[in-house]
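> Please find the sequence and the predicted model below.
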Amino acid sequence: MLAEGPAGDNRWAMAGTTRTPFMRLALWTTALTYALILVGSLVRASGAGLGCPDWPRCFGSWIPPMSVEALPPQFSADQFNATLMWTEYLNRLLGVTVGFFIFGTVLSAWRHHRREGHIRWPSVAALLLTGYEGWLGGRVVAHELAPWIVTAHLVVAIVIVQLLLYATAYAWYRRPQAASAALPPEEAAHRRTLALTIAATIVLTYVQVALGTQVRGAVDDGLDAGVARAVVLSTVGWWDGAHRVLSLGVVSMTLVSLLVVWSRHTHERLVRRWTHIVVGLAVAQTLLGAGLAYVALQPAPQVLHLSLASLLMGAQLVQWLVVRWEAAPEAW
């Protein structure tokens, strides 16, 4: 979606007719990071988070044991489940792969965009946070999937992908020098207000995702305690109520942005396009959440629910960027 500029909108242009190595690598790195979030949610849904009971090794080895008989003496047989073990181990391998891609992205940013801080520094920050995220993954295992640290692990992952997406979007879409004339003061103020509204929606969505992770942890605790899946949400407490109310707040603010764009930005294809994407993801996410709450709380929809949340936040970021770029072109 970032690869194409809006035809006929001469205020926006690609960063050039040639895609730089950084642009291609950043796009792949961002996509792989999203894939890692998806796989992480699969690990959580399948109960494979403790498939490897230690970290960074798995059952004391860099390569998992092939059978229960091969377990080191410090591990018991009841800890071994081959399916869960390999699910978690492959998740870790993907995490290492993403780490190398992010490192390569940083090197490429320094080589091809050394003078562009909006590309270089988000890439560096993403790399530093990736190291912290790896350590935090070890703490998740050490704390045996305690909901608060699982929430922290997810939030950091989303921050990493947001930083990568920021650098990627800036590389793919940049205002040409000839189009950098300042907007009329009233129009610039209006755009800043819209950008602030979108930024507030992003913050609210972060809180919503954190609440959702807490709900998920409480659900898992209930299931582990033998509560039937059909009624397990009733054991969650106020987390679930807050999560539902906040979802309405996110959708409402998203619809407000849509109405503003429809009324005052109908000629701006890029702003309109990303606003429509955000609205579609927000509505789909809310409907899926309602289905989980009132129809069936099943693992597959839970995975999709989390994946849509990460995609929604990414789309919100790009929406905010394109509005903000128009609001204050002199800052870019």
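Yes, it's here.

> So Gln285 sits against Leu312, correct?
Yes: Gln285 is within contact range of Leu312, at 5.8 Å (criterion: CB atoms under 8 Å). From N, CA and C alone the C-beta is placed, and that goes for glycine too.

> Which strands or helices does the top helix by length along the chain pack on?
The longest helix of the chain (DSSP state H) is helix 185-224. Packing partners of helix 185-224 (3 or more CB pairs under 8 Å, 6 or more residues apart in numbering; DSSP states H and E): helix 147-172, helix 238-264, helix 299-327.

> how about 10 Å then?
Under the contact criterion of 3 or more CB pairs under 10 Å, 6 or more residues apart in numbering; DSSP states H and E, helix 185-224 touches helix 21-46, helix 147-172, helix 238-264, helix 269-294, helix 299-327.

> Which one of the ones you listed lies nearest to Arg92?
If you check each of the helices and strands packed on helix 185-224 against Arg92 by CB to CB, helix 21-46 wins as the nearest, at 9.5 Å.

> buried set for that closest one?
Within helix 21-46, the residues scored as buried using 16 or more other CB atoms under 10 Å are 22-23, 25-27, 29-30, 32-34, 36-45.

> any idea which of the helices and strands packed on helix 185-224 scores lowest on pLDDT?
Lowest mean pLDDT within the helices and strands packed on helix 185-224: helix 299-327, at a mean of 83.

> Check the average confidence over the longest helix of the chain, would you?
Here the average pLDDT along helix 185-224 is 83.

> domains for this protein, by residue range?
For the chain, the structural domains run 18-174, 185-332, going by automatic domain parsing.

> quick revisit: any residues in contact with both of Gln285 and Leu312?
Thr205, Gln208, Val250 (CB atoms under 10 Å, 6 or more residues apart in numbering).

> quick one: contacts for the second one?
Residues touching Gln208, when contacts are defined by CB under 10 Å, 6+ apart, comprise 201, 242-247, 249-250, 285, 289, 309, 312-313.

> how near is it to Leu317?
Taking CB to CB, to the nearest Å as the measure, Gln208 falls 15 Å from Leu317.

> Please report the number of neighbouring residues for Cys52.
24 (other CB atoms under 10 Å).

> now the angle from the helix or strand where Val106 lies to helix 21-46?
Using DSSP states H and E, Val106 maps to helix 82-112. Computed by axes from the mean of the first three to the mean of the last three CA atoms, to 10 degrees, the angle separating helix 82-112 from helix 21-46 equals 160 degrees.

> buried stuff in helix 82-112?
Buried, per 16+ other CB under 10 Å, within helix 82-112: 84-85, 87-92, 94-95, 98-99, 101-106, 108-109, 112.

> okay, the shared contacts of Gln285 and Leu312 in CSV with distance to Thr168 next?
Converted to CSV, the shared contacts of Gln285 and Leu312 look like this (distance: CB to CB, whole Å):
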residue, distance to Thr168
Thr205, 20
Gln208, 24
Val250, 24
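
> which among those gets closest to Ala169?
Out of these, the member with the shortest distance to Ala169 (by CB to CB) is Thr205, at 17.5 Å.

> Quick check: the gap between Ala228 and Leu297.
Taking CB to CB, one finds Ala228 at 10 Å from Leu297.

> returning to that earlier point: the longest helix of the chain vs helix 238-264, what angle?
150 degrees.

> Distance to Cys52 and neighbour count added to the contacts of Gln208, as JSON lines?
Shown next, in JSON lines, are the contacts of Gln208 (distance: CB to CB, whole Å; neighbours: other CB atoms under 10 Å):
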{"residue": "Thr201", "distance to Cys52": "37", "neighbour count": "26"}
{"residue": "Ala242", "distance to Cys52": "33", "neighbour count": "16"}
{"residue": "His243", "distance to Cys52": "30", "neighbour count": "22"}
{"residue": "Arg244", "distance to Cys52": "34", "neighbour count": "16"}
{"residue": "Val245", "distance to Cys52": "37", "neighbour count": "11"}
{"residue": "Leu246", "distance to Cys52": "34", "neighbour count": "18"}
{"residue": "Ser247", "distance to Cys52": "34", "neighbour count": "21"}
{"residue": "Gly249", "distance to Cys52": "38", "neighbour count": "15"}
{"residue": "Val250", "distance to Cys52": "35", "neighbour count": "22"}
{"residue": "Gln285", "distance to Cys52": "31", "neighbour count": "24"}
{"residue": "Gly289", "distance to Cys52": "31", "neighbour count": "21"}
{"residue": "Ala309", "distance to Cys52": "26", "neighbour count": "26"}
{"residue": "Leu312", "distance to Cys52": "30", "neighbour count": "25"}
{"residue": "Met313", "distance to Cys52": "29", "neighbour count": "22"}
